[in-house]
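Enquirer: what follows is a predicted protein model with its sequence.
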Protein chains: 4
Amino acid sequence: MRRKLRMGMVGGGPGAFIGEVHRIAARLDGKTELVCGVFSTDPEKNRSMAEKLFLPEEKCYPDYETMFCEESRLPEGERMDFVAVTTPNVTHFKIASEALKHGFHVICEKPMTWNLEEALRLRDLVRESGLIFALMHNYSAYPMIRQMRRMIEDGKIGNLRKIVASYDLGWLAAPNAGKQASWRINPQFSGIAACVGDIGTHAEHLIEFATGLEITEISADLSTFVEGRVLDDDATILLRFNNGARGVIEVSEVASGEENQFKLRIYGSDGCLEWSQQTPEDLVWKRNDAAMKILRRGWAEMDDSVKALCRLPAGHPEGFIEAFANIYNEFADALAAHIAGKEYHGDFPSVEAGVRGMNFIETVVRSSMNHSQWQKFEKL
Amino acid sequence: MRRKLRMGMVGGGPGAFIGEVHRIAARLDGKTELVCGVFSTDPEKNRSMAEKLFLPEEKCYPDYETMFCEESRLPEGERMDFVAVTTPNVTHFKIASEALKHGFHVICEKPMTWNLEEALRLRDLVRESGLIFALMHNYSAYPMIRQMRRMIEDGKIGNLRKIVASYDLGWLAAPNAGKQASWRINPQFSGIAACVGDIGTHAEHLIEFATGLEITEISADLSTFVEGRVLDDDATILLRFNNGARGVIEVSEVASGEENQFKLRIYGSDGCLEWSQQTPEDLVWKRNDAAMKILRRGWAEMDDSVKALCRLPAGHPEGFIEAFANIYNEFADALAAHIAGKEYHGDFPSVEAGVRGMNFIETVVRSSMNHSQWQKFEKL
Amino acid sequence: MRRKLRMGMVGGGPGAFIGEVHRIAARLDGKTELVCGVFSTDPEKNRSMAEKLFLPEEKCYPDYETMFCEESRLPEGERMDFVAVTTPNVTHFKIASEALKHGFHVICEKPMTWNLEEALRLRDLVRESGLIFALMHNYSAYPMIRQMRRMIEDGKIGNLRKIVASYDLGWLAAPNAGKQASWRINPQFSGIAACVGDIGTHAEHLIEFATGLEITEISADLSTFVEGRVLDDDATILLRFNNGARGVIEVSEVASGEENQFKLRIYGSDGCLEWSQQTPEDLVWKRNDAAMKILRRGWAEMDDSVKALCRLPAGHPEGFIEAFANIYNEFADALAAHIAGKEYHGDFPSVEAGVRGMNFIETVVRSSMNHSQWQKFEKL
Amino acid sequence: MRRKLRMGMVGGGPGAFIGEVHRIAARLDGKTELVCGVFSTDPEKNRSMAEKLFLPEEKCYPDYETMFCEESRLPEGERMDFVAVTTPNVTHFKIASEALKHGFHVICEKPMTWNLEEALRLRDLVRESGLIFALMHNYSAYPMIRQMRRMIEDGKIGNLRKIVASYDLGWLAAPNAGKQASWRINPQFSGIAACVGDIGTHAEHLIEFATGLEITEISADLSTFVEGRVLDDDATILLRFNNGARGVIEVSEVASGEENQFKLRIYGSDGCLEWSQQTPEDLVWKRNDAAMKILRRGWAEMDDSVKALCRLPAGHPEGFIEAFANIYNEFADALAAHIAGKEYHGDFPSVEAGVRGMNFIETVVRSSMNHSQWQKFEKL
């Protein structure tokens, strides 16, 4: 690849949180440049964002159909290579499927679609297209999560027995939680779950990613604490796994006082591994028969595959942006290989992870509506 | 009271963990002295422990029946005032009821009895006797737990919504977990639950103690990970409360690598309070609208009722023993008042807490045996 | 400004640590693009780095003189706007002064020059040029350091009394510490101090930056622990301040086991503020008369001027790169204003900070060579 | 020994902090009983404390001379075995020397005496008497400090290079710091140093205790921040050691917001060990070439000699009281051996440590009065 990859964007207008994160992450390693976008359905906001990003006027498109259509007419190297989809859930399917139809690779925010049916259709489209699709489960790209996965694979903590994840946010504790929140609690934009869709799917993905296990059964208790809401703002979900392990996911968006408190503890027959998103540089390793270790990102014995995901030496704190950028990086490498006609399997979440996530949402909601009855969590 | 209270003991032979803790705690504040005991069913061990404790030979009794009988014949001030029961669960009822019959107050290890029926009978006996009975839920006497309870009462975190407790130990991770463990996993000594009885009841008690709420419904998933065991060594328990709050208790004794990891997080509409037994001097208070506070035991604004539970100024770490001794202290004050014919209501767990704990065990097991079906958790 | 700023670079060849950090930081906010550079004196390495950065061949210059010369002939908007100097200390002065002469703004690694005399001459050149010069004391751009400074200004901890800084690294603990280390311990490249120059100046700068005080007297004890070294690899430095406060800087590069352990504690008559580079999201505020607070980056009451330095909401960890990028950002805003003919005072360390740092090095070395005698630390 | 040791006490009246700590610590392990005392020079307070402690009236003596005189007439087993001296510094010498003259062993608060001369005379008296004298440097009895000492002895961190101790309290930050403070800042009661005597000596002792090194040179800068005080309330002290290591002690009693923040970091050629009094259960072990370890009191590989100092398993927090009691315990074992006519060398600080501490105070003050000139720190 003798050039940067060309990125288009749908979403990420003025004030958007995650769209801006996508842009920073895409820039970080200098492999990608933003070349066009539709940042807002409001033409004024759309234009002002494009200007702020130093895009030429003609690369600020009025809508995604036009963007895909016009860009697809340009020759390779001049047209957009892929699109980042950072809009509310309800539009993911339409935008992503349209992009695929026009030959563009896609990197998409989670949850992948509005419902499971869309997810299954999107998977078909991705398979048919032969194009690359990445789902932004950014937490799976933290170096110490990769280290954790590697150590579990290597049997460092023995047979897995108990998995405990909690993900707590306080941002929806009050009825009036601001603009970013409003669409997330509206089923027309969000789907059949709010908290479970927004953060429960992160927990589900990270557990399966880090452990290599499959969740096979689910029993859930969803709650809505703030009056006037239709969807869940809190949930506790019991899990059973294909190897006999048990687990629990505790998630809440009304956990007043919490920032972005995502924690994962994994117990095996020979020890445990703990990670917490707010101190992502540390992986805690405890055993009954030896001293507790704090594995610090960048320490001398870190796995080589993990070293490749670090930009700074130990003690120079990396954080959220670097993990996010790792997904972009792996996606970019896959694209570069694809364009060069080579094989490449990026270690980023794919459309399969998206199907699994949407199925998780539906299974959890079904259990909760049936008095927390255990439900099979099928592989689709 | 112009003298120390006179304590007898059943249990706590050589090598016993909790018996020795009772003795240290009883000594700490100088209000109580050990005057007699039955420390082991093995006469040799019984005698050697008594010697180590500088007890005269005649105060080392061969069995508790003899002890209660002989001590009850002595005049007040010369006889034992109360007995500490620190034997395996299966014997608690017999010892405690015998003690009450002979007119001795009782301080008893948890869980209170071998099954719920015994608990209900013991409650009757306590009520009839007019004597004082304390149950050793020591965690409820940590100063920062009392501070937490006070702040919740005062509405500092608003209406309670979500309660998350976890209690993880690694000590039973391997099949061969040593002498202290063997009786705890044997239903003949332990009852119908191991992990839920041993530490689940601590979580249940602490939650109701700290929040002032009542658990009304329970859905549980118990596991046995180590081959050859009959009883649970791990459990996750969903909770519903009388005010609409939800919660979860996650407990494990096969959590390899964990020491005595007991944590409690309580979320209300206006903030959250967090406490962890391994850093008991800190109470974390988070809110959406203000900076996180670490309330340190002994800090300037601590509640006066809590100050009374502290022996050292802030920064001079207090721990497990001091909390344990607080129960002894409150029990001793109640006894002194009783002996002096005064009213006194100690802030220690009573026989009611014991009934509740035994009912908790039975309800949890019933739910787990019924595919985690929700069960009413009755007030008995 | 309707375009990105155009950046040239001297240094940052393959394997260089800090050069790559400059590039990532410059990219982060999309205001700057790298357009040319001299990355290595080895032509092969120079070229390969340029390729990796997708630079056109002709923009990979053989040496900095050629780059400045040729770029200065291009019209504004096509030529480089500024140069980042990320070479060993000994070359900073020559490169920076040459750049200024050709009309280029400069952002320069610390310590600013090889000795104090060069620093004073460089200051003259900057003043004469009217161009913008920034010194990369990146730690001063961490949001919670800015918050600390603001709170001290506002008198939140009263009159300052005691300042304690420590900066410990283990990387030079063994004689053979690798390529990155070799020039830093060689006086021909580094100057008259190694550890004091490399990290002591960071501590000195951060203390004066955060407190607003001036160090007025210095007593130092420098050590060289690893055999064969000429320069210091460890130092402890007593400080006196213009308001009567006292302080100490403890720095070491032979602190085996430490990563990048830079800590700052500031005590005033009414409380204290503590910050640690390895947990940069937290600012600890303690007082005698109230509960300890952990001010978390992004919390509700953070100062508005500090909010402007954050990219992510609370709980989404930011780190080293973001702080580094804040300097680039403030530098870029100053440049954009300068190009547009507007006034702008960036909050980044200037050539004055560089003079102060070089004077600090000389004063510290002088004290240590005179049996730790107190030396005046003059304002030059 | 077939009986408890009999303890007398001078000091520890109502409201005293450290006297009550001595009593609790003495009780903890059941080897010692308080049998008599002079708790206050105020007869009313003296009596009320004795009553609270359930002492018979005749065992509450009006003054220490009377106590020593009368107790010395009783036969062994009925008379006091030793006396605990917990009065202000100025009286230590008189009380301790009188006790020794009457044949009583002594356990004494630090600093040992009012000045160095008294310390040297007291050492002579101890040597002549053949009696046991313990100095209460309680921090040296924390299990993880003993573990640290053992690991350093075993060469786990190589040759020692740098020692950093800090001890910060906020309690004297305001002019009016309460009763407990008043005598400590009064030279007539305290001696020639306040902060250095009260906590600087703890740091000096702990450093030499844990490292096995000797401090050989001292350069100090003492400050008095609060108006109206004669003695130091803050100090920074540079150290040089007999093996070439360097170090620094930073102490302050005007560190507003600090509780009892005593920290020790020791760097060797192969790693570092860190301990902090407010989290005493953890010993942090860092190395350049391996993962950081948190050695937790009670973990599987703890040294056997250290296990003997623990009462509770890992995860059941021990703290200040247990460390304090370890000194009492070792003192009691030495006494029991002495009474039984056996050899015994307790691992508690002796009169030698007291001489060293008093010499430290004088050397530090001399350096500070001489513009921080380096002073030899002699072995006396």
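Expert: Good, I have the coordinates.
Enquirer: ok, stretch A:319-332 near chain C or not?
Expert: Yes. Using CB under 8 Å from any CB of the partner chain, stretch A:319-332 comes into contact with chain C via A:319-322. Any C-beta I mention is one placed from the backbone N, CA and C, and that applies to glycine too.
Enquirer: dump the C-alpha coordinates for that stretch into PDB.
Expert: The C-alpha trace of stretch A:319-332 is given here as PDB (Å, rounded to 0.1, in the frame of the first residue of the first chain):
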ATOM      1  CA  GLY A 319      -6.200   4.500  27.200                       C
ATOM      2  CA  PHE A 320      -9.500   4.400  25.400                       C
ATOM      3  CA  ILE A 321      -8.400   6.100  22.200                       C
ATOM      4  CA  GLU A 322      -5.500   3.700  21.600                       C
ATOM      5  CA  ALA A 323      -7.700   0.700  22.000                       C
ATOM      6  CA  PHE A 324     -10.300   2.200  19.600                       C
ATOM      7  CA  ALA A 325      -7.500   2.900  17.200                       C
ATOM      8  CA  ASN A 326      -6.300  -0.700  17.400                       C
ATOM      9  CA  ILE A 327      -9.600  -1.800  15.800                       C
ATOM     10  CA  TYR A 328      -9.100   0.800  13.100                       C
ATOM     11  CA  ASN A 329      -5.500  -0.400  12.600                       C
ATOM     12  CA  GLU A 330      -6.400  -4.000  12.200                       C
ATOM     13  CA  PHE A 331      -9.300  -3.000   9.900                       C
ATOM     14  CA  ALA A 332      -6.900  -0.900   7.900                       C
END
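Enquirer: average model confidence for it?
Expert: Stretch A:319-332 shows a mean pLDDT of 98.
Enquirer: same check on stretch A:55-62?
Expert: Mean predicted confidence for stretch A:55-62 is 97.
Enquirer: first-to-last residue distance for that stretch?
Expert: Using CA to CA, to the nearest Å, the end-to-end distance of stretch A:55-62 comes to 14 Å.
Enquirer: what about that stretch, distance to the chain center?
Expert: Centroid separation for stretch A:55-62 versus its chain: 28 Å, with CA atoms, centre = their mean, to the nearest Å.
Enquirer: in it, what's buried?
Expert: By neighbour count on 16 or more other CB atoms under 10 Å in any protein chain shown, the buried set for stretch A:55-62 is A:55, A:59-61.
Enquirer: just those now: which is nearest residue B:292?
Expert: Nearest to residue B:292 out of the buried residues of stretch A:55-62 is residue A:55 (CB to CB; 40.2 Å).
Enquirer: from the residues of stretch A:319-332 next to chain C, which two are the most distant?
Expert: A:320 and A:322 (7.4 Å).
Enquirer: these two: who's more crowded?
Expert: The neighbour count for residue A:320 versus residue A:322, taken as other CB atoms under 10 Å in any protein chain shown, is higher for residue A:322 (30 against 26).
Enquirer: and what about the more buried one, helix, strand or coil?
Expert: helix (DSSP: H, G, I helix; E, B strand; the rest coil).
Enquirer: specify the local secondary structure of the nearest residue to it once chain neighbours are set aside.
Expert: Of all residues not flanking residue A:322 in the chain, residue A:311 sits nearest, at 6.1 Å (CB to CB, 6 or more residues apart in numbering or on different chains). Following three-state DSSP, residue A:311 is assigned to coil.
Enquirer: which ones are touching residue A:311?
Expert: Applying CB atoms under 8 Å, 6 or more residues apart in numbering or on different chains to residue A:311 gives the contacts A:318, A:322, C:20-21, C:24, C:321.
Enquirer: looking at the residues you listed, which is nearest chain D?
Expert: Checking these against chain D with CB to the nearest CB, the nearest one is residue A:318 at 17.1 Å.
Enquirer: okay, now the closest one: neighbour count?
Expert: Other residues close to residue A:318 by other CB under 10 Å number 28.
Enquirer: doesn't residue C:320 make contact with it?
Expert: Yes. Using CB atoms under 8 Å, residue A:318 makes contact with residue C:320 at a distance of 7.1 Å.
Enquirer: overlap in contacts, the two.
Expert: When contacts are counted by CB under 8 Å, 6+ apart, residue A:318 and residue C:320 are jointly contacted by residue A:312.
Enquirer: pLDDT weak spots in the stretch 151-300 of chain A?
Expert: Within the stretch 151-300 of chain A, no stretch has pLDDT under 70.
Enquirer: what does it put close to chain B?
Expert: A:157-158, A:161-162, A:164, A:166, A:168, A:170-171, A:173-174, A:219, A:221, A:223, A:225, A:234, A:236, A:238, A:240, A:246-248, A:250, A:252, A:254-258, A:267-272, A:285-288, A:292.
Enquirer: now with 6 Å, please.
Expert: Contact residues, the stretch 151-300 of chain A versus chain B (CB under 6 Å from any CB of the partner chain): A:161-162, A:164, A:170, A:173, A:219, A:221, A:223, A:225, A:234, A:236, A:238, A:246, A:248, A:250, A:252, A:255-257, A:267, A:270-272, A:286-288.
Enquirer: so of these, which ones are in strands?
Expert: With DSSP state E as the criterion, strands contain A:161-162, A:164, A:219, A:221, A:223, A:234, A:236, A:238, A:246, A:248, A:250, A:252, A:267, A:271-272, A:286 from among these.
Enquirer: in a strand, residue A:166, correct?
Expert: Yes. Residue A:166: assigned to a strand according to three-state DSSP.
Enquirer: nearest residue to residue A:336 in space, please, no chain neighbours.
Expert: Per CB to CB, 6+ apart, closest to residue A:336 is residue A:1, 4.1 Å.
Enquirer: does stretch A:166-177 come close to chain C?
Expert: No. Under the criterion of CB under 6 Å from any CB, chain C is not reached by stretch A:166-177; the shortest gap measures 7.8 Å.
Enquirer: I'd like to know how many residues surround residue A:293.
Expert: 20.
Enquirer: direction included, what does the helix or strand encompassing it pair up with?
Expert: Here residue A:293 sits within strand A:292-296, counting by DSSP states H and E. Taking DSSP bridges as the criterion, strand A:292-296 sits next to strand A:282-286 (antiparallel), strand D:292-296 (antiparallel) in its sheet.
Enquirer: TSV for the ones you listed, including distance to residue A:117?
Expert: Shown next, in TSV, are the strands paired with strand A:292-296 (distance: least, CB to CB, whole Å):
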stretch	distance to residue A:117
strand A:282-286	38
strand D:292-296	49
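Enquirer: would you tell me which one of those strands is buried the most?
Expert: strand A:282-286 (a mean of 22; mean count of other CB atoms under 10 Å in any protein chain shown).
Enquirer: contact partners of that strand?
Expert: With CB atoms under 6 Å, 6 or more residues apart in numbering or on different chains as the test, strand A:282-286 has contacts from A:144, A:147-148, A:272-275, A:292-295, B:257.
Enquirer: pLDDT score for the most centrally placed residue in chain A?
Expert: By CA atoms, centre = their mean, chain A has its centre lying nearest to residue A:137, at 1.8 Å. Looking at residue A:137, its pLDDT reads 98.
Enquirer: enumerate every residue touching it.
Expert: Residues near residue A:137 by CB under 6 Å, 6+ apart: A:110, A:205, A:349.
Enquirer: can we see that at 10 Å?
Expert: By CB atoms under 10 Å, 6 or more residues apart in numbering or on different chains, the contact list for residue A:137 reads A:109-112, A:201-202, A:204-206, A:209, A:327, A:348-349, A:353-354, A:357.
Enquirer: from residue B:54, how far off is it?
Expert: Separation of residue A:137 from residue B:54 (CB to CB, to the nearest Å) stands at 64 Å.
Enquirer: got it, and residue A:47?
Expert: If you go by CB to CB, the gap between residue A:47 and residue B:54 works out to 89 Å.
Enquirer: swap in residue A:295?
Expert: 49 Å.
Enquirer: how about residue A:114?
Expert: 76 Å.
Enquirer: residue A:55 now?
Expert: Taken as CB to CB, the span from residue A:55 to residue B:54 is 87 Å.
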